[in-house]
Every structure is written in structure tokens, then in C-alpha cells.
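Enquirer: Return a 3D structure for these sequence lines:
(2 chains)
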2 protein chains.
Amino acid sequence: MTMGVEVLTDQEILASARKGGHRHIVRVVQAVKEALRQGETALLDGFLQEEHPADIALLIKRLEPSEATELLLRLDPTKRAETFSQLSGRRQRLLSQELPRPVLVGLISDLKADRRADFFKHLPEKLRETLLPALAQAKREDIRRLASYAEETAGALMTSEYAVLAPHLTARQALERLRHEAPDKETIYRTYVVDEQRRLIGSLRLQTLILAAPQATIADLMERNPKRAHVNDDQEEVARQIARYDLIALPVVDDAGRLVGIVTHDDAVDVVHQEATEDMHKVGSLGRITTSVREAGIGLLYRRRIVWLVVLIFGNLLSGAGIAFFEDTIAAYIGLVFFLPLLVGSGGNAGSQAATLMVRALATGEVVLRDWSRMLGRELLVAGLLGLTMALAVSGIGLLRGGPELALVVSATMVLIVLIGSLIGLSLPFLLNRLNVDPATASAPLVTSLCDAVGVALYFGMATVLLGLPSV
Amino acid sequence: MTMGVEVLTDQEILASARKGGHRHIVRVVQAVKEALRQGETALLDGFLQEEHPADIALLIKRLEPSEATELLLRLDPTKRAETFSQLSGRRQRLLSQELPRPVLVGLISDLKADRRADFFKHLPEKLRETLLPALAQAKREDIRRLASYAEETAGALMTSEYAVLAPHLTARQALERLRHEAPDKETIYRTYVVDEQRRLIGSLRLQTLILAAPQATIADLMERNPKRAHVNDDQEEVARQIARYDLIALPVVDDAGRLVGIVTHDDAVDVVHQEATEDMHKVGSLGRITTSVREAGIGLLYRRRIVWLVVLIFGNLLSGAGIAFFEDTIAAYIGLVFFLPLLVGSGGNAGSQAATLMVRALATGEVVLRDWSRMLGRELLVAGLLGLTMALAVSGIGLLRGGPELALVVSATMVLIVLIGSLIGLSLPFLLNRLNVDPATASAPLVTSLCDAVGVALYFGMATVLLGLPSV
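Expert: Below is the predicted model:
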């Protein structure tokens, strides 16, 4: 009775997934694998027909290549292309080698222009050379053009499948033209108006067009001087503009102001996700992992982690050197070591907090470089309060373990260490930003290492003075 | 010559901002403040006319309330409402008290339905009671309905300004109706088809409608069984669906399957930003900060930071206790302390890396609970390689500072500490997820504190055994 989903058969799971009822991906994967093994084609086809391409892609990521290929072959061409374009570049390359050549060529032709260019960009030279000639001339040129822009720019993100209108057309003519072109365009909800040199001069909502008098001209109806990106703009800036101005798509222009593509809102939201992941990884002192964590190989993960770990060794050696410097102090009063992790840890923690706040605020553009001094004043106040509270908390322990003198050393160090840690955490992201390094590089481990080294010197220095211990 | 923007006058800055040329927000703020002070109304009006409401809102966030009010009053009503709706709740309340009552009432009427409900939800009881009666009956009811849903649910995020069609209409009739309704709807690009009980049965792209034969019925044209959210679904899940399925809007239904609202793509991308910020803050062991960091008060920042800092004190006390336990070992071989920050730090760093990877992968849904064992195996391999590399790096230093025996202790501890740190970092997010706690709570400082305590015990235990030091 209480077993719930556990007692469902594979058939029931697939049927339930089809109706959107059963979303437990691991169970669905198992059921699909079983259905493939048993050759239950009717069950599979029914399931695939109802599932969204994005969901089938999610499934394929968890199947063996041979299973994934069989699934792709069971899809109709349009859905196959949509599913394929949702897969990672790595898996696309893997499956390209499994799919029969004619199916692969058809699939590539059915991809949207931007996805097709992405696919080719990451293909091994050899496979690219055998596949390109099978495509129509126009598509080949489009691929070359789209693939020519640097990674993570507006140019690399945009698609060439947008609708343009000339300013002299009437609303009736424009609507007629859009009816014709719609099936080949990513969106006709927003169309772009260009002059004879193809320079972007306006944009038009489909809504405006169908509300307009049939004889009104596009030049009268369009919004002039629309928001735009340059082909070389960073994709993060493009995504930020689309979010800020609530756009369905952002037109992209070249140096001469000519319209060369559009970035659609759904591609922009993918960038937002991707950039948030990158920032989070940087804050965790990880290198750039563009592939899925589930799919990343051992070698890749090793390389992305070892660099920072080794860099941080030097940070920690600094703390070690500080300790070595104060060895006599420590030997004279071994009880001091008890509070070492607590004090340096608290400085690092307060520093991580301040750094995290600033890294994110700088990334979203909420705070800019010039806000530093304003932020600094407030941080000093907050950190002072935090330090005093924590000093109060630890002074009792100091009293118990070593009497009033130790309590004084520990409390005074705590206030200073939290203040200095917070200042380091707050300022490091601004400093990096000023040096044109991504502020997210001010990772928690980096801030912690810096605060640790400062903390060690501060603590033992304070103890030497206040406890009258043998000076170095 | 090389001064660049520094020598521009305020007039030039505003003129340049107007053309999209000068985007340095701090300079533009200064120029606007100056123009307000000098009463240069023509300059201001020209600037405001060209600027996008989202940009004006960004500006207002950096002005004094009296300056912001003056700017708002200079805008035409539509732009005033659009600008106002981009402001934070806190600033909206502030400005509500500055604006003349008739202007405020008009402004509220002009807001979009979802923004209006948000505004009222956070208004002080007293102001709400004086403002509500000034609104039309239909708007009052809409506010009550939209405000009745819990924060951060689909219900709280949705708007009631969507277009519905009946299945028996023809394409011509439907288009006619949409032409009529369009000005009051957030989007007509996607319309929703409901039966007599208002249950959602299909959806329709405007594109399909204008391409269809005039006599085709909506029932024939619509896509059946569209993706949907339930009013109580988490906003994060809603945003994830919109991104995954590349939607312009997602319909929201109640328990009976009746359509009650839609969430649009632009509101969804705001949620993506907001959730990424929240996750980042959690990883930095910060409490929930819903307001802008620039606007957050000292008291709020203090409260959001002190809780975790005090919790982490206990984690660090554990390390202290470990050190106290091994005091005799340390006293016998004071040189051991030199390596303490290095070893426990490395465990914490490796742990932070693993935790960050998993927190993000769980947040994006790329990895699910059941993937733990699969991830574990791979993590052991990667961490083993990392530990070996780092052991190699520090063994030399061990050799120099204390001879082969110390080198052995330090290297062996390093391998173990990196392995165990990585396992803690990897597993903690899964464990929290299993306990229905947000995995992002596995913050870098928390993982570091845990790894520190384990590291201290491991290091001195190993030293006691391998160096034959006085056991405890």
C-alpha cells in the first residue's frame, strides 16, 4: 500500500510519463532501456510521440549511444532535429558517428541555422569535410558565416533566421510577406526594418502589424532606433539586455550598423543559466567546465581543479610561515593553538560572505566599480557589529580555558580579524574588476587563504604583546 | 586628449546616453542630479523621452526620493507606470509617499495586473486601505485574487492579462477578437484555448493563426495538452520549464485544471537571476537577502550574516578541541604546526570544489539524488589523483623542514585529507537534498569547517603513529 511508485511496471511508468504524471527521470530511463531491450516498439512510439523534444534529450543524455541512436531513429525528422539540437556538443559528436549517413545529413539540414553552425564548429575536421558538401550551397555559406564569430559573443549566439521588412511596404504587404516566410523564421513576433544597405532602422511587433490599417506603411508603424547588440558584444551583455528590456529577441549589427542576425529570448536564458554556473564554479575555485558535470571525464575534472588547489597551497604556506615565525610564542603558551582555527576561520568566513555579496552584485551589474567607497563604509559598520558579537561569544570560552588575559587576546583578535577579513572579501572583487579580471575569481578558498595568513600574524602578534610572551 | 569621457559636460553626457553611447551609470546619475538642480527641463525631457523605462528605473535607484519623484512626474503616464514597475518594492513604497495622490492612483491603474498586485501586497495596511477604493471594482478583485497566492509560487508570479479563445471559433473570428483585445494583454503571441468550464485544453501560436485558412476552427489549429504549471508550483520550477521548453509564456491552472493566469518569459528570466543570486548567497553562507545589496540596510546585512558565522564557530571549536586533544603531540614536535593550515586548508579547498559542483548540478536538475553513487565513484578517482599530485608538491617542503619521516606524514595526510574532504563536499549536498534542505546550504564555509575538524584529527593522529610521538 505504501510502496507508491515503486510497484509500477515499466509500461505504467512510460504511460504515466507520457501524461506528464511521472517525472522521475531515473525510473523513466530504466523503463525506456527495458522497452528497448524487449523490442516493445508500440509502447516506445506512443511514449516518444507525446514527449517534448527537450524531455527526450534529457533522457538520451542518460542512455548508451546505441540506445540513444535507436531512439533518435524512431522519431520523425522534425522532432529528431529538435531533440538533437538540445544535446551537448560532445553527445552530438558521439551520436553523429552512430547514425546512418543519410539520416545524419537530413538531420543537419533540419537543424535551425544557429544550432547547425554550433554543431559544425565542434565537429572533427574530417567528419566536417565529408558532411559539408552534402548540404545546400546557401546553408554551407550560412554555416561559415555564423561559425566565424568568436565564442561567447553575440555573433556566435545569434541566428540568421529572422524576418526583415523594407520601410516602404504597407501593413497588408508586410503581413502577406510574413505569412510566406514564417515557417523558415525563428520568430516573426518581432520583425526588423532595414534600409537599402541593410542597416537596421527600426523594429515592429507582429501585434502592431495586425492591428494596423492595411495601407499604413512600415516606416510609420515601426519603432525607431531599436535596442541592438554588436556582433562582438559579450553574450552575457546580450542576455542582460534581453532580460532588462523584456525582449523577445535582440537584433545584432556589424560595424556598419547592418543587421546580421538576432538573438532570441530562449537562447538568452540559456546564457543566463550558463553564466550563473560559471560564476558559481569560479567562486568555488573551479576552472571552466563547459560540458555537463555528469558527462565530464576524469581528466577534465582533474585539470579544472588542480590548478587552484596548487595555487592555494602557496596561500596556505604563508599561514605556515606565520606560524613558524611565532613558534617560540606558541611553545611558551601552547593553549593558544586551541583558538587558532576558530579565529582564522571566522575571519575567512566573514570574508567569504562579503566576497560572495560583491561578486554577485558586480555580476548582475547592481553594483559598479565606483560604488566601492560607498560599500566600504557600510561594510566597516556591519563587520564591526559582527566582530563584536562574535568576540562576545568567544570571550567566555577564552575565560574558561585561560583566564581574563587570554579572553582579552581572543576577543580583541576576533574583532580585528572579522573586520580585516570582511575588508579583504569586499575589496578583492572590486580590485579584480578594476584589473579586468572576472570578480568571481575572488573565490571563497582564495579569500579564506588570504584571511588565514593575515589572521595567524594578527593572533600571535596580539598574543605576544598582550600576554608579554617572548617576542620573536 | 587622453582624458576621454572625463572632460564631457553634463549636457554631453545626457545627450550621449540618449543615443545609447554613454552607459556609465554613475556619470549619468551625476549629470541628471545636476540638471535637476539647475532646472534644465528641456535637457531632462529630451533625455527621458529617449531612454528606456528600464534604464530610467536604474537611474532612479541611485537618486534621492525627491529627485526620483521629480523625474517620475516628468514622464508621460504609460512610461511612468513602466518605469515604476521596474523598481524594488522598497523604493516603490518610498516614492508612493512622495507622489501626489491623484498621480499615484493613475499610476496604479496603469500598472500591469501582476505588478499592481505585487505593489499592493507589500504596501502598509493603512496606505492600502486609502488607495484600494480609488480603483475600479474589477481591478480591486484582480488584486485580491493575485495577492492570495503564496510568495515564490506560480500563482504569485503570474498575470491575469492573457488572451483566451473558445475551440469553436474560426481563425477569422479569433483574429478579429485578438485585434480587439490585444492592447490589454501581456502577450497575444500565444493564446490559450479553454472549454466552457474554463479548463485549459489547448494553446495556439499567433503565427499559426495568421497562416491558417480563415474558416479553420481553433479546435483544429490548436496544440492539445500544452505544458502547464499549477498555481502552487515553485517559481523556480516554472522558470525551469519555460527555459527548457523555450516558451514565451506558461499557462497556470488551479486544482480543477482551470486556466487562472500565465507566466511570461520575461518574468521567468528575472526568477532565474533571483534564484542564481540566492544560491550563490547560500553557498557563501549568507541568509536570504531579497532586496538589492546596494539598498540593504546595516541591520538586515548584520542579521543575514551573523547566524551562519555563529553556527560556524561551533564547527571551528571542533577543530580547536582536536588540537587540545593532541596538545602533547604538538608540544613534542612543534614543527608540525607549520603544516597545519596547509593540510586542513587543502582538504577544505577540495571539499569546497566538490560541493560547488554538486550544489550547482543539483540546482539545475542536471544531477538527481539517485546519481550519488555514480558520482561518488568518479569523485574518488579524481580526488585520489588530486591528493597524489598535492602530496608530491608538499613532500619536498616536508623533507626540507623535517626530514623523510615528516615528509611521509605530510604526504600521507595530504592524500587522505583531500580524499575525505572531497567526499564530504560531494556527499553533503546530496544528503541535504535527501533531507529536503536546499543543497546550496552546503556552503563553502560549512564544508571547510567540517573538513578542518576532520583534518586536524587525521593529521595529528597520523603524526602520533608514524613519528612515534607520545600518544594521548
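Enquirer: What residues sit buried inside stretch A:210-217?
Expert: For stretch A:210-217, the buried set under the neighbour-count rule, 16 or more other Cβ atoms under 10 Å in any protein chain shown, comprises A:210-212, A:216-217. Every C-beta, even on glycine, is put in place using the N, C-alpha and C of the backbone.
Enquirer: Please read the previous query as pertaining to stretch A:304-322.
Expert: A:304-306, A:308-309, A:312-313, A:315-320, A:322.
Enquirer: quick one, what contacts the residue of the stretch 351-472 of chain A found nearest chain B?
Expert: Across the stretch 351-472 of chain A, the shortest distance to chain B (Cβ to the nearest Cβ) belongs to A:T356, at 2.6 Å. Listed by Cβ atoms under 8 Å, 6 or more residues apart in numbering or on different chains, the contact set of A:T356 reads A:283, A:425, A:444, B:280-281, B:283-284, B:286.
Enquirer: Can you tell me which of those residues is closest to A:M222?
Expert: B:M280 (40.1 Å; Cβ to Cβ).
Enquirer: so the closest one sits right up against A:T277, yeah?
Expert: No. Counting by Cβ atoms under 8 Å, B:M280 does not reach A:T277; the two are 10.7 Å apart.
Enquirer: Nearest residue to the middle of chain A?
Expert: Centroid-nearest residue in chain A, with Cα atoms, centre = their mean: A:Q274, separated by 1.9 Å.
Enquirer: How much space separates it from A:V437?
Expert: In this view, A:Q274 and A:V437 are 20 Å apart by Cβ to Cβ, to the nearest Å.
Enquirer: what does A:P100 give?
Expert: For A:P100 relative to A:V437 (Cβ to Cβ), the value is 48 Å.
Enquirer: what do you get for A:L376?
Expert: Remark: distance between A:L376 and A:V437 (Cβ to Cβ) = 20 Å.
Enquirer: between the two, who's got more neighbours?
Expert: Between A:L376 and A:V437, counted using other Cβ atoms under 10 Å in any protein chain shown, the more crowded position is A:L376 (15 against 12).
Enquirer: For that one, which non-adjacent residue is closest in space?
Expert: Among residues not flanking A:L376 along the chain, A:L426 sits closest, at 6.6 Å (Cβ to Cβ, 6 or more residues apart in numbering or on different chains).
Enquirer: Let me know the average pLDDT across the helix or strand harbouring that neighbour.
Expert: Using DSSP states H and E, A:L426 falls within helix A:372-434. For helix A:372-434, the mean per-residue pLDDT is 92.
Enquirer: And stretch A:305-317, by the same measure?
Expert: Rounded mean pLDDT across stretch A:305-317 is 88.
Enquirer: That one near chain B anywhere?
Expert: Yes. Counting by Cβ under 8 Å from any Cβ of the partner chain, chain B has neighbours in stretch A:305-317: A:305-306, A:308-310, A:312-313, A:315-317.
Enquirer: hang on, the earlier thing: next up, the contacts around the residue nearest to A:L376.
Expert: The contact partners of A:L426, by Cβ under 8 Å, 6+ apart, come to A:354-355, A:357-358, A:375-376, A:379.
Enquirer: let's go with 6 Å and repeat that
Expert: Contact partners of A:L426, counting by Cβ atoms under 6 Å, 6 or more residues apart in numbering or on different chains, are A:354, A:358, A:379.
Enquirer: got a winner among those for most neighbours?
Expert: Busiest of the contacts of A:L426 [other Cβ under 10 Å] is A:A354, holding 30 neighbours.
Enquirer: Now do the contacts for that residue.
Expert: A:422, A:425-426.
Enquirer: now, which of the residues of stretch A:305-317 next to chain B sits nearest A:A81?
Expert: A:R305 (36.2 Å).
Enquirer: and the closest residue to chain B within the stretch 201-350 of chain A, how many neighbours?
Expert: Residue of the stretch 201-350 of chain A nearest chain B, by Cβ to the nearest Cβ: A:G284 (2.6 Å). Residues near A:G284, counting by other Cβ under 10 Å, number 26.
Enquirer: can you check A:A440 too?
Expert: Neighbours of A:A440 using other Cβ under 10 Å come to 25.
Enquirer: what does A:E70 give?
Expert: For A:E70, the count of nearby residues is 15 (other Cβ under 10 Å).
Enquirer: List the contacts of it.
Expert: Neighbours of A:E70 in contact, by Cβ under 6 Å, 6+ apart: A:L36.
Enquirer: Okay, strands next: where are they in the stretch 201-350 of chain A?
Expert: Applying DSSP state E, counting those that start in this stretch to the stretch 201-350 of chain A gives strands spanning A:223-224, A:229-230, A:249-253, A:259-264.
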